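Student: Prediction below, plus the sequence it came from.
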Amino acid sequence: MKRQHPMSLAAVAVTGVMWLLMPRLCSAQEPNPGDATPVQADAAAGQNVTPDSVLADQMAVSGRYERFERMLTQMADILGRQDPERADLLRRAIGKGREGRIKEQIEGVIKLIDSRDLGTASEKQADVIRSLQAMLKLLQSEDRRSAVERERDRLNGLLKDVRNVMAEQRSARAATQNSPAPSSAAPGQKKAISETDKLLDAMREHDDKDASGDKKGEDKEASDKDGADKKGAGQDSKDGSKDGKQSEPKEGDPAGKEQDPKEGDPKEGSPKEGDPQQGDSKQSEKKAEGEPEKGEPAPSDPQSGEQKSGEQKSGGKSSGEKKSDKQKKQQTPGREQLEKAREEMERALDKLKEQKREDAIENEDKAIEELHKAAEKLEAMLRQLREEEKEMMLASLEARFQRMLLAETAIHEGTLGVAATPQKDWLDVNYGRCRELSQQQSELTQECAQTVNLLQEDGTSVAIVIAVEDIEADMSSVTGWMQEYKVSELTQSVQKDILESLKQLIETTQKEMQEMKEQQKQEQQQQDPSQEKEGLVELMAEIRVLRSLQLRVNRRTKQVDRLLQSANTDDLPTLRSQLHDLAIRQNRLIESAKELAKQAQ
């Protein structure tokens, strides 16, 4: 039950962004140069839009965003201990909004509308829309990550099954080649067909389920659109009545009664003079459709009819092609090749029954070739999913490191402020401030520990995990020292090391994401997905991080040695503990270097 509550809160966050996208300023999607602006679109629709009404709408959006941001903060605090992953997602969304300066952008639009600079205001509104859509994408990323994981597991299972079918088909092919009578190899071929049928049934079941879900989504979207159109039509009708156009009866006409037809015009439901009566409606319909009446010659120029028929056929074909393309897009990768392989297996079975060995072998070879193609399709999709998963992981790590860097910078600056006053002159406010900084450092240590768990679950990085573990240990040490009101050189030096490490990790993740984008553009040759999962960052980046960790150990060892020479009795336990921790770190660096050396081979 604890898991369901946070999920509903995350859904509320996504709904909040959609709520912000509802007003007039957010009614457009990605703006095109030739499209009308939101204000122009409203004016073209006949609505009574004035600068004052637009200003009121914009101010309403500003208030909504402020409430939405407060709601995200409160939800993140609630989920902090119950569900750290979702709390992190909400904090990243808040950071995304502040990074995009959404609040400031909205306030700027309000000033532009107030000064009647509607053209520039409309352009700035488009920027606000893009920023809100980026936040929405981030909030929905958790669902995408889960979907990617499920799809990856499914495709891995299918790839394993395809390889099993391939082994069965090779076995059947060998039996065909070596058996005294071709028909005696038929049972092996039947078994391969049976395994293929099971695999195809699983693919079809999944694809049909996805297609059904997409159709429901399209129906809902169409229903929502129809509702919006009806609402707009009702508004237009209402506005039309206010303007007195077409809805008001003429002078002398009874209220609420439709206008009478002009003199000489037929009343509604009664035919004109000379027109066919109601009984002749079928005849009039035929005439309208171009069919000749009795006694009339058929149209001599059938070109227009043929052209119309051709257009209908063409349109039907185009619609069919679109539907076929959509179905293929929804199909599991490799399904088409698997179906072709099964057809070749059936042909091979028929040839075996007819005692045609060479023909059966030819069909079996084609089936194996199609199975190879199916495996390649699955492998290509797995590579794509792994790249997407890696990109989401790197983006999540970067956001965490950025947030920790900001928090640690504030703690370090606060420490410097407290240390500026000699401890013998401290007042209660100084001691209180030191305790407050210690609490902040403790909370940041917990967040760092969550990042360590995330990296350990990924299991593809070596040096990055060690770097974050060292940061966690340093934060824990700083927390303990500040609880004892120790803000001396060692505390400040360790805080600087934490900041330096976070900056390097941010640089490493950003560089890795940039290289991923460049690789995707260049479409470099990708590795076989059957091999081990590609690391979170490249090997050289891991080595650079390991080198920085070693330099940091060397620097702190020298510092502790220097402090030991002039340390008093109270500081000796702390310094000796630091030396013990440095020895442990050195051993871990040695083991990590060995692991990276194996990867390099």
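Tutor: Great, that's in hand.
Student: Let's see stretch 438-455 as CSV, backbone CA atoms only.
Tutor: As requested, the backbone C-alpha atoms of stretch 438-455 are provided in CSV (Å, rounded to 0.1, in the frame of the first residue of the first chain):
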residue,chain,number,x,y,z
SER,A,438,25.8,19.6,10.4
GLN,A,439,22.1,18.6,9.9
GLN,A,440,22.2,19.8,6.3
GLN,A,441,25.4,17.8,5.7
SER,A,442,23.8,14.7,7.2
GLU,A,443,20.8,15.0,4.9
LEU,A,444,23.1,15.4,1.9
THR,A,445,25.0,12.3,3.0
GLN,A,446,21.8,10.3,2.8
GLU,A,447,21.1,11.5,-0.7
CYS,A,448,24.7,10.6,-1.7
ALA,A,449,24.1,7.1,-0.3
GLN,A,450,21.0,6.7,-2.5
THR,A,451,23.2,7.6,-5.5
VAL,A,452,25.7,5.0,-4.5
ASN,A,453,22.8,2.4,-4.4
LEU,A,454,21.7,3.5,-7.9
LEU,A,455,25.1,3.0,-9.3
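Student: Can you give me the neighbour number for I113?
Tutor: 25 (other Cβ atoms under 10 Å). Placement of C-beta: from N, CA and C, glycine included.
Student: Helix, strand, or coil at it?
Tutor: Classification of I113 using DSSP: H, G, I helix; E, B strand; the rest coil returns helix.
Student: Run through the residues that contact it.
Tutor: P51, V54, L55, Q58, A121 (Cβ atoms under 8 Å, 6 or more residues apart in numbering).
Student: So in this structure, where's the weakest helix or strand by average pLDDT?
Tutor: When the helices and strands of the chain are scored by mean pLDDT, DSSP states H and E, helix 281-288 comes last with a mean of 42.
Student: just to revisit the earlier point, most neighbours among the contacts of I113, which one?
Tutor: Counting neighbours by other Cβ under 10 Å, A121 comes out on top of the contacts of I113 with 25 neighbours.
Student: Show me which residues of the helix or strand that that residue is a member of are buried.
Tutor: Secondary structure assignment for A121, by DSSP states H and E: helix 118-139. Neighbour-count burial for helix 118-139 flags 118, 121-122, 124-132, 134-136, 138-139 (criterion: 16 or more other Cβ atoms under 10 Å).
Student: If you count neighbours, what's buried in stretch 151-164?
Tutor: For stretch 151-164, by 16+ other Cβ under 10 Å, it's E151, R152, L155, L158, L159, D161, V162.
Student: which one of those sits closest to S442?
Tutor: Nearest to S442 out of the buried residues of stretch 151-164 is R152 (Cβ to Cβ; 36.7 Å).
Student: Spit out the contact partners of the closest one.
Tutor: For R152, the contact set (Cβ under 8 Å, 6+ apart) comprises L382, L385, R386, E389.
Student: and what of A341?
Tutor: V165, Q169, T196, K366, A367, I368, E370, L371, A374.
Student: which among those residues end up buried?
Tutor: Here, 16+ other Cβ under 10 Å leaves V165, Q169, T196, K366, A367, I368, E370, L371, A374 buried among the contacts of A341.
Student: Let's have those residues in JSON lines, adding pLDDT and distance to T557.
Tutor: Listed next are the buried ones among the contacts of A341 as JSON lines, based on pLDDT from 0 to 100; distance: Cβ to Cβ, whole Å:
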{"residue": "V165", "pLDDT": "92", "distance to T557": "59"}
{"residue": "Q169", "pLDDT": "92", "distance to T557": "63"}
{"residue": "T196", "pLDDT": "92", "distance to T557": "64"}
{"residue": "K366", "pLDDT": "93", "distance to T557": "67"}
{"residue": "A367", "pLDDT": "93", "distance to T557": "66"}
{"residue": "I368", "pLDDT": "93", "distance to T557": "62"}
{"residue": "E370", "pLDDT": "93", "distance to T557": "63"}
{"residue": "L371", "pLDDT": "94", "distance to T557": "59"}
{"residue": "A374", "pLDDT": "92", "distance to T557": "57"}
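Student: As TSV, these with distance to A202 and secondary structure would be great.
Tutor: Below are these laid out as TSV (distance: Cβ to Cβ, whole Å; DSSP: H, G, I helix; E, B strand; the rest coil):
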residue	distance to A202	secondary structure
V165	12	helix
Q169	18	helix
T196	11	helix
K366	23	helix
A367	19	helix
I368	21	helix
E370	18	helix
L371	16	helix
A374	13	helix
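Student: For L505, which non-adjacent residue is spatially closest?
Tutor: F401 (5.0 Å; Cβ to Cβ, 6 or more residues apart in numbering).
Student: again with D114
Tutor: L55 (6.0 Å).
Student: Surely that neighbour is in contact with I110?
Tutor: Yes - the pair L55 / I110 is scored as a contact, 6.9 Å apart, by Cβ atoms under 8 Å.
Student: Flag the shaky bits of the stretch 51-200 of the chain, pLDDT-wise.
Tutor: 80-85, 140-144 (pLDDT under 70).
Student: Please repeat the previous calculation with a cut-off of 80.
Tutor: Applying pLDDT under 80 to the stretch 51-200 of the chain flags the ranges 76-100, 134-135, 137-146.
Student: rewinding a little: just list what the helix holding A121 packs against, helices and strands only.
Tutor: helix 4-20, helix 38-44, helix 51-82, helix 84-99, helix 102-114 (3 or more Cβ pairs under 8 Å, 6 or more residues apart in numbering; DSSP states H and E).
Student: can you list the domain ranges for the chain.
Tutor: Domain segmentation of the chain under automatic domain parsing yields 4-139, 146-215+334-375, 421-520+535-600.
Student: what about the last one, start to end distance?
Tutor: When the termini of domain 421-520+535-600 are compared using Cα to Cα, to the nearest Å, they are 51 Å apart.
Student: What's the separation between A410 and V494?
Tutor: 16 Å (Cβ to Cβ, to the nearest Å).
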